[in-house]
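S.K.: Fold the following and give me the result.
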Amino acid sequence: ARRGVPRDGSGGPLGHQQGHAALEDALLQCGIDPSDLPHPKPEAPGQTGTPKKQKPKQPTIFNAADLLRTEFPEPSFLHPGILPDEGCYLLCGKPKGGKSWYALNLAMASAQAGIFLDREVSKRKVLYLALEDTPRRLKRRMIKLQPDGEQDPNALSDLTIWTEAPRLGCGLEKRIEAAIQDGFNFIIVDTLQKVRAPAGKNGSQYSDDYSAIGAIKELADKYGILILIIHHVRKAESADAQDDISGTNGIAGAADGALILRRIHGKKDAVLYTAGRDMDESEFGLHFDSGIWTYVGTAAEVQASAEQAEILNALKPYGVSGATAVQICDDLGKARRNVNKLLSKLVDSGAVVRTNSKPAPTYHIGLDGKKKSGGLESTSGSHTHTHDDDERVCGNENAKMSSSGSSGSKGSNGSNGSSPEPGTPSTA
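M.R.: Numbering: from 1, shown residues only. Presented below is the predicted three-dimensional model:
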């Protein structure tokens, strides 16, 4: 008997109906409903399918001298400076942190050669595996991102969305390959956890992570397309944003690069960190409001603004009595030199008023958030603010607190001890 032919218990080949039932059982074990699978259309006589050509295989052995003489084109980008137009990349962030909104916005922009984050996005035929969303939610989000979408729905005809798909090893690769042959050249998988196969009993976690990304990357490399995989980050942030990626290093190691979204606590701002084999490490300052991501400047500008907001929030409970630099250091758990610099910038902008008191100056939120003509308002003395004053105070662990309260305590929040919330401080 031929190998590969399904057989019954007696060793004989299965009949057509028995073989069909066995196939359905195998599909169901992989979580696939056989009725959901597309049925091939009959081809016209004399015609055969024309699958998309694979990317030409590159040489794998080089003489060093010949390699140095070879001219290679510069990497091209789907989203300039942020996302190359070929390879397998990750988009990572915390749960409910706006990753899916980012992915959908990018998909819609690419399908119609639009603009996203103040950058023109290259036109592509996009397949978006929105495996954690429903059609109703997706429509609502698309209208939010493109209010006139219902008036001209054909503008998004190059965007196809799947809300269900098989897992890796259970048919996903073949379905994606079929989509690539149909012309799709930008594919978004949301999320990795929805498509990866269950962990193997004998393999290591690193091996499982590497294999999951590697299977998807193989398709991107084989056909020269872009695949973006949505994934989560760890709960605690690391010094290096790339270390935030949830799982072992096998995930980041197998991918060509990663985009890491870090939301700033208590604010609508975020920093997008990008790094990859064919792009430089970069940071972008973003703003996320009601599902819409916008570019607002450099990461340094966004981070500085957020740190200043932390100082202002720490000062609110102290009211007009104010707090010393030491109290703010202790409340926020921040390095004292950094607090001194931030206070200096806030004083210069007029968002914070410095009062010269003994044994240490105090700070409170400005009533109008504006600088007074000729200098800042001060309720005692005319001493000019210097960094040395604060360094002496912050450098003394046993420094006495002002009479308004003890170390770490809050000032009065009563009607005589509170101040209006200031306007947004100037960005340093």
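S.K.: most centrally placed residue in the protein?
M.R.: Nearest to the mean C-alpha position of the chain, by Cα atoms, centre = their mean, lies Leu261 at 2.9 Å.
S.K.: That residue reaches Thr274, doesn't it?
M.R.: No - the pair Leu261 / Thr274 is not scored as a contact, 10.3 Å apart, by Cβ atoms under 8 Å. C-betas here are computed from N, CA, C, even on glycine.
S.K.: Next up, the contacts around the residue nearest to the centre of the chain.
M.R.: Leu91, Cys92, Gly93, Lys94, Gly97, Gly98, Lys99, Tyr102, Ala270, Val271, Leu272, Leu286 (Cβ atoms under 8 Å, 6 or more residues apart in numbering).
S.K.: Spatially, which residue comes closest to it, not counting chain neighbours?
M.R.: Gly93 (3.6 Å; Cβ to Cβ, 6 or more residues apart in numbering).
S.K.: Return the backbone torsion pair for the one you found.
M.R.: phi -170, psi 180 (degrees, to the nearest 10).
S.K.: hey, which strand is longest across this structure?
M.R.: The strand that spans the most residues within the chain, counting by DSSP state E, is strand 279-289.
S.K.: helices or strands up against it?
M.R.: In terms of contacts (3 or more Cβ pairs under 8 Å, 6 or more residues apart in numbering; DSSP states H and E), strand 279-289 is packed against strand 257-263, strand 269-276, strand 292-298, helix 299-315.
S.K.: what would those look like in TSV with mean pLDDT and distance to Leu127?
M.R.: Converted to TSV, those look like this (pLDDT from 0 to 100; distance: least, Cβ to Cβ, whole Å):
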stretch	mean pLDDT	distance to Leu127
strand 257-263	96	19
strand 269-276	95	21
strand 292-298	93	21
helix 299-315	82	31
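S.K.: Which among those is found nearest to Val352?
M.R.: With Cβ to Cβ as the measure, helix 299-315 is the member of the helices and strands packed on strand 279-289 nearest Val352 (6.9 Å).
S.K.: what sits opposite the residue nearest to the centre of the chain in the beta ladder?
M.R.: For Leu261, the beta-bridge partners under DSSP bridges are Leu272.
S.K.: Helices of the protein, start to end?
M.R.: With DSSP state H as the criterion, the chain has helices at 16-29, 64-69, 99-111, 135-145, 172-181, 192-195, 205-223, 249-254, 299-315, 325-332, 336-349, 387-395.
S.K.: from those, which stretch is densest packed?
M.R.: helix 99-111 (a mean of 23; mean count of other Cβ atoms under 10 Å).
S.K.: so what does it touch, helix or strand wise?
M.R.: By 3+ Cβ pairs under 8 Å, 6+ apart, helix 99-111 packs against strand 87-93, strand 115-116, strand 126-130, helix 135-145, strand 159-162, strand 186-190, strand 226-232, strand 292-298.
S.K.: could the ones you listed go into JSON lines alongside distance to Ser207?
M.R.: Formatted as JSON lines, the helices and strands packed on helix 99-111 follow (distance: least, Cβ to Cβ, whole Å):
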{"stretch": "strand 87-93", "distance to Ser207": "18"}
{"stretch": "strand 115-116", "distance to Ser207": "36"}
{"stretch": "strand 126-130", "distance to Ser207": "24"}
{"stretch": "helix 135-145", "distance to Ser207": "34"}
{"stretch": "strand 159-162", "distance to Ser207": "28"}
{"stretch": "strand 186-190", "distance to Ser207": "20"}
{"stretch": "strand 226-232", "distance to Ser207": "17"}
{"stretch": "strand 292-298", "distance to Ser207": "35"}
